[in-house]
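Asker: no sequence on this one, just coordinates:
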């Protein structure tokens, strides 16, 4: 039995990898200074939740086969120092995923937006057609109880390829470690300015990603995206471009228009999702899935958690939450709702929460992102700014950055609820977009306004 220790086991990706290895039969231990839900309950259910919070270097010894280091652990973490002193092999979780999939066909979905949805679509289709696959995906999926699966039997490994840094001691993007046989670039828009200070520096990470494609592999890319197209043209492998799959929308219904003249209703909407669907279709085709099989399977796909996820509707109002935080993601989500609910009053509420979005040097990249909304609100929390050690922007600077004079800026949950109460509350489509939680805004809070 292999023995593995996790430093910072409570992270979203880390706790899922820990559960996957535990289920594979490994002896798993871990530590963290604090663990939040849902990680806490899920680790407890598997019997691998640490008994106490904190770091316990004395528990490490040479019996461990590997130590896996989480991104939020500091470089001077006492358990990391102890592991290095003992000469234990220290991996980041991307490195360990590669070790677990060395003998598999690796499919890696990269890009500034759409990664989770494309990965989710592929996994849904493979499950429906009976093709076993290991995976790592960044959201909870319907029909899957974990976000990471590792086995001895699966031929394929499908991974969401994040371009953010790997670990405190390995400051390169995660997706540089995966060496795909089939790679996807869903589009490129500057993000993570705290580690990629120029757009060209950010672009270079995708050029490197393309160079990591295994010999004989292929690249599938969004040919409507200027930077993805440029990057793909430099690839030393077979390339396949895609665009928006032909579709029609009527009310809340979206119908695919197939090349043979037939039609197929699907459970996702928006032109960006029609591109995501096309990317997934091309990947599945590389794995032997026919278009007929793909369309049969994708019809039952309902989306990934927090990716234009419908929280509730009452037949008149439709309220969604979305993980969108980069400018391209915010713009795509608003556009999708505008297309789908052309006759409704569209309310777009976006929380500045990531380091990039809270940075004054980056705020102008959001210009026009909320323009298709009838009511546009930005949630700007001074506490989040302080945590990231940034300078406060005046509200006028945020309004200028988004390029919309009627933009409303709020600073806490109470201000947001008060503003929404005064606004339109019938015939509404609402998008609440954040990688945070609007100071604890709940579905019940929204239901009290719109249900």
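Answerer: Happy to help now that I have it. In this text the structure is predicted, and so the values were computed from the model without any measurement.
Asker: do you know how far residue 412 is from residue 220?
Answerer: 43 Å (CB to CB, to the nearest Å). Every residue, glycine included, has its C-beta placed from N, CA and C.
Asker: Which one's more surrounded, the two?
Answerer: Set residue 412 next to residue 220 and count neighbours by other CB atoms under 10 Å: residue 220 wins out with 27 against 16.
Asker: any idea how far residue 200 is from residue 231?
Answerer: 12 Å.
Asker: From the neighbour counts alone, determine which of those two ranks first.
Answerer: A count of neighbours by other CB under 10 Å puts residue 231 above the other of residue 200 and residue 231, at 22 against 10.
Asker: Which secondary structure element is home to the closest residue to that one other than its chain neighbours?
Answerer: Take residue 231 and drop its neighbours on the chain: the residue closest to it by CB to CB, 6 or more residues apart in numbering is residue 206, 5.1 Å away. Element membership for residue 206, per DSSP states H and E: helix 199-211.
Asker: List the neighbouring strands of the next helix or strand after that helix plus their orientation.
Answerer: Under the assignment DSSP H and E, the closest C-terminal helix or strand after helix 199-211 is strand 218-222. Sheet pairing of strand 218-222 (DSSP bridges) gives strand 182-185 (parallel), strand 238-242 (parallel).
Asker: With residue 388 as the reference, name the closest of these.
Answerer: Among those, strand 182-185 comes nearest to residue 388, with 28.2 Å by CB to CB.
Asker: all helices for the stretch 151-300 of the chain, in order.
Answerer: 199-211, 226-233, 271-286, 291-298 (DSSP state H, counting those that start in this stretch).
Asker: Out of those helices, flag the one nearest residue 371.
Answerer: That would be helix 271-286 among the helices of the stretch 151-300 of the chain, by CB to CB, at 16.1 Å.
Asker: where does the spatially closest residue to residue 33 that is not a sequence neighbour sit relative to residue 36, distance-wise?
Answerer: Of all residues not flanking residue 33 in the chain, residue 53 sits nearest, at 5.7 Å (CB to CB, 6+ apart). For residue 53, the distance to residue 36 equals 11 Å [CB to CB].
Asker: before we move on, the earlier item: could you identify which of the strands paired with strand 218-222 is most buried?
Answerer: strand 182-185 (a mean of 28; mean count of other CB atoms under 10 Å).
Asker: Quick one: residues contacting the residue nearest to residue 33.
Answerer: By CB atoms under 8 Å, 6 or more residues apart in numbering, the contact list for residue 53 reads 32, 33, 34, 35.
Asker: So which of the residues you listed is surrounded by the most neighbours?
Answerer: Ranked by neighbours (other CB under 10 Å), the contacts of residue 53 are led by residue 32, which has 25 neighbours.
Asker: For it, give me its contacts.
Answerer: Residue 32 neighbours (CB under 8 Å, 6+ apart): 8, 9, 10, 50, 53, 70.
Asker: Phi and psi next, for it.
Answerer: For residue 32, the backbone dihedrals (degrees, to the nearest 10) come out as phi -170, psi 160.
Asker: pretty sure residue 113 contacts residue 188?
Answerer: No - contact criterion CB atoms under 8 Å: residue 113 and residue 188 do not qualify, at 9.1 Å.
Asker: still on that earlier bit, report the mean per-residue pLDDT for the helix holding residue 206.
Answerer: For helix 199-211, the mean per-residue pLDDT is 96.
Asker: Check which helices and strands it sits against.
Answerer: With contacts taken as 3 or more CB pairs under 8 Å, 6 or more residues apart in numbering; DSSP states H and E, helix 199-211 sits against strand 170-173, strand 182-185, helix 226-233.
Asker: Distance to residue 280 and mean pLDDT added to the ones you listed, as JSON lines?
Answerer: Converted to JSON lines, the helices and strands packed on helix 199-211 look like this (distance: least, CB to CB, whole Å; pLDDT from 0 to 100):
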{"stretch": "strand 170-173", "distance to residue 280": "22", "mean pLDDT": "89"}
{"stretch": "strand 182-185", "distance to residue 280": "9", "mean pLDDT": "98"}
{"stretch": "helix 226-233", "distance to residue 280": "16", "mean pLDDT": "97"}
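Asker: Indicate which one of those is closest to residue 287.
Answerer: Here strand 182-185 is closest among the helices and strands packed on helix 199-211 (CB to CB), at 7.9 Å.
Asker: so how far is that closest one from its chain's centroid?
Answerer: Distance of strand 182-185 from the chain centroid (CA atoms, centre = their mean, to the nearest Å) equals 15 Å.
Asker: returning to what we had before: just send the contacts of residue 32 back as a markdown table, with pLDDT, secondary structure and distance to residue 448 too.
Answerer: Shown next, in a markdown table, are the contacts of residue 32 (pLDDT from 0 to 100; DSSP: H, G, I helix; E, B strand; the rest coil; distance: CB to CB, whole Å):
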| residue | pLDDT | secondary structure | distance to residue 448 |
| --- | --- | --- | --- |
| 8 | 95 | coil | 37 |
| 9 | 97 | coil | 37 |
| 10 | 94 | coil | 32 |
| 50 | 97 | coil | 38 |
| 53 | 95 | coil | 35 |
| 70 | 90 | coil | 37 |
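Asker: would you list these in CSV and tack on distance to residue 263?
Answerer: Converted to CSV, the contacts of residue 32 look like this (distance: CB to CB, whole Å):
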residue, distance to residue 263
8, 48
9, 47
10, 46
50, 52
53, 54
70, 46
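Asker: quick one, domains of the protein?
Answerer: 3-88, 98-298, 309-450 (automatic domain parsing).
Asker: From residue 281, how far out is residue 157?
Answerer: From residue 157 to residue 281 the distance is 19 Å (CB to CB).
Asker: Between those two, which is the more surrounded one?
Answerer: residue 157 (26 against 20).
Asker: For the stretch 51-200 of the chain, just list every one of the strands.
Answerer: 66-69, 90-92, 105-110, 133-136, 148-149, 156-160, 165-167, 170-173, 182-185 (DSSP state E, counting those that start in this stretch).
Asker: Minimum distance to residue 361: which of those has it?
Answerer: Closest among these, using CB to CB: strand 165-167, at 19.1 Å.
Asker: helices or strands next to that closest one in the packing?
Answerer: Under the contact rule (3+ CB pairs under 8 Å, 6+ apart), strand 165-167 is packed against helix 93-100, strand 170-173.
Asker: Next, format the ones you listed as JSON lines and append distance to residue 22 and mean neighbour count.
Answerer: What follows is the helices and strands packed on strand 165-167, written out as JSON lines (distance: least, CB to CB, whole Å; neighbours: other CB atoms under 10 Å):
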{"stretch": "helix 93-100", "distance to residue 22": "13", "mean neighbour count": "21"}
{"stretch": "strand 170-173", "distance to residue 22": "24", "mean neighbour count": "16"}
